[in-house]
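For reference, the sequence and a predicted model appear below.
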Amino acid sequence: MKPAVLMAHPRHFAIKGGANPHTRNKDKSLKEVDPTVALEQWNTYVDQLLECGLDVYVIDATPELTGMVFTANAGFIYGLRDRKPSPQKTFFPSHFMVEHRMGETERFADFFTNFGLQVSDIPEQWRWEGEADAFPVLKGDDQTWIFTHGFRSDSEVGDWLESGLLNEDVVSLTLSDERYYHGDTAICDLGDHVLVYLDALEPVSRERIKEVLGDRLVEIEEKDAKAFLGNSFYVEADERRLLFVPAGVRKKTQKAIEKLGVEVIEIDVSEFFGKGGGGPKCMVFNLGVCDPAEAGLTEEQSAFRHARHINSLRRRRGRIR
C-alpha cells in the first residue's frame, strides 16, 4: 500500500467569494484565474506526486463549487495514521464558513462513502474546516494534536476533538492574521520538527506552541511565510521524507530544511496561491496509506477506487484536460 492523496480537478477553479485576502486585487475586485495555467500546474503537481511514489485519487468538482480544488478543506479522517483498513476509519466532512463552499460537504461525504470509509458528522451548529485546522504533528510518543481557530473554525470544536473524539490533549491555538486563515497555512509538520510562522498566531498562542514543541519548533521567517512555506505538504514515501514547497521559498531556507533530513521539492502552484490563497497542502487531502485492494472493501468500493485513480482517468481521457 502507498501513501495517497485526494485532489479535485481544477476545470471549474475560479474566485467566487473572495474569502481570503489573496483572492482580491488592491481595489477589492476578485482576481481572475487563467484556466490553462491552472490546469498545467495541477497536472505537473500530480506528476511530481506520482514520481515520488504516491497514489493520487481525483474527485470532480461542479461549476458552482469553484473552490473545491483546495481539497485539504474537505474534512477530517479519524484514524488517519492508524495501521488499520479504511473501513475502520471515519471521515467527518467540513462545515464550511463561506456560503459558496457549503455544497462541497455532501459531495465529499458521498465520495468517501464510495471510497470505503465510514462517514459521520460533527454537531451541526459548529463551523469547522477539517484537517486544514486540526492535524497531528511529530510522531510516536511525541505526537501532538494541533487545533487552530479564529477565521474558519469555531473554538468549541477543539474541546469536542479533545474529549469527544480523540480522547487526548489537543493544543488549541488562535490565528490572528487573515492571510493565514487556516492552521495549515502557517504550521507544517516535518515528522520530527515542525515549521511555524509565529506571527500568524495571537501572543498567548505563540507562547503556548513554543512551550509545547520546544526545540522541535523551527521558526518560519516572514519572507518565507509570505511565500506560503507553512502550506507545504510533508509526506513519507518509499523511505523518503519529502516536502513539497511552493516556488518562492528562499533557497537558503530549502537547504536548511534539507539539513533536517527532508528532501525538498519545489513546485509552481502560483495560479492557485496567487489567485486563491492555497498552496501545495491546500491542494491535497491526505488519505494516509491505502490501496484499491485493501482488506474490508466491497467490490464496488474497490472498483470505485480504481476508477478514481489518476492513472485510470488518464488512460480514459489522456493527460487530464
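It's in.

rest of the way, CA atoms for contacts and neighbours
Fine.

how close does Y78 get to T90?
Per C-alpha to C-alpha, to the nearest Å, Y78 is found 5 Å from T90.

So the two - more neighbours on which side?
Higher neighbour count among Y78 and T90: T90, with 20 against 17, using other C-alpha atoms under 10 Å.

show me what contacts that one?
For T90, the contact set (C-alpha atoms under 8 Å, 6 or more residues apart in numbering) comprises 77-79, 117-120.

Quickly note the distance from it to L287.
In terms of C-alpha to C-alpha, T90 sits 11 Å off from L287.

same deal with F244?
Counting by C-alpha to C-alpha, the gap from F244 to L287 is 16 Å.

count of residues packed around E124?
For E124, using other C-alpha under 10 Å, the count is 8.

Which residue comes closest to it once chain neighbours are left out?
Nearest non-adjacent residue to E124, counting by C-alpha to C-alpha, 6 or more residues apart in numbering: H95, 7.8 Å away.

do L297 as well
G116 (6.0 Å).

What residues sit buried inside the helix or strand bottoming out on mean pLDDT in the chain?
Here the helix or strand of the chain ranked lowest by mean pLDDT, DSSP states H and E is helix 310-317, holding a mean of 88. For helix 310-317, the neighbour count (16 or more other C-alpha atoms under 10 Å) marks 310-311, 313 as buried.

got those residues as a markdown table, with distance to K210 columns?
As requested, the buried residues of helix 310-317 are exported to a markdown table (distance: C-alpha to C-alpha, whole Å):
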| residue | distance to K210 |
| --- | --- |
| I310 | 40 |
| N311 | 43 |
| L313 | 45 |
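
out of those residues, who's nearest L161?
I310 (32.7 Å; C-alpha to C-alpha).

so the closest one makes contact with V56?
Yes - using C-alpha atoms under 8 Å, I310 makes contact with V56 at a distance of 5.7 Å.

With neighbour numbers in mind, choose between F244 and L287.
A count of neighbours by other C-alpha under 10 Å puts F244 above the other of F244 and L287, at 23 against 19.

Three-state assignment for the more buried one, please.
strand (DSSP: H, G, I helix; E, B strand; the rest coil).

before we move on, back to that, residues bridging contact with T90 and L287, i.e. touching both?
Joint contacts of T90 and L287 (C-alpha under 8 Å, 6+ apart) are I77.

give the contact list for the residue nearest to E124.
Going by C-alpha under 8 Å, 6+ apart, H95 touches 102, 105, 124, 126-129.

Let's see if you can find the most crowded of these.
Counting neighbours by other C-alpha under 10 Å, the top entry in the contacts of H95 is W128, with 30 neighbours.

gap between it and D224?
Per C-alpha to C-alpha, W128 is found 27 Å from D224.

Same check on V196?
For V196, the distance to D224 - C-alpha to C-alpha - is 11 Å.

now L213
From L213 over to D224 (counting by C-alpha to C-alpha), the distance is 20 Å.

next one: L287
27 Å.

Correct me if wrong: F112 contacts F92.
No - with contact defined as C-alpha under 8 Å, F112 and F92 do not form a contacting pair (9.5 Å).

Next, give phi and psi for the nearest residue to K281 once chain neighbours are set aside.
Nearest non-adjacent residue to K281, counting by C-alpha to C-alpha, 6+ apart: F233, 4.6 Å away. Per-residue torsions, F233: phi -110, psi 120 (degrees, to the nearest 10).

And K259, by the same measure?
Dihedral angles (degrees, to the nearest 10) for K259: phi -70, psi -20.

Just want the most central residue of this protein.
The residue lying closest to the centre of the chain (C-alpha atoms, centre = their mean) is A72, at 3.1 Å.

ok, now which ones touch that residue?
The contact partners of A72, by C-alpha under 8 Å, 6+ apart, come to 130-132, 281-286.

May I ask you to confirm that Q143 is in contact with D169?
No - the pair Q143 / D169 is not scored as a contact, 10.3 Å apart, by C-alpha under 8 Å.
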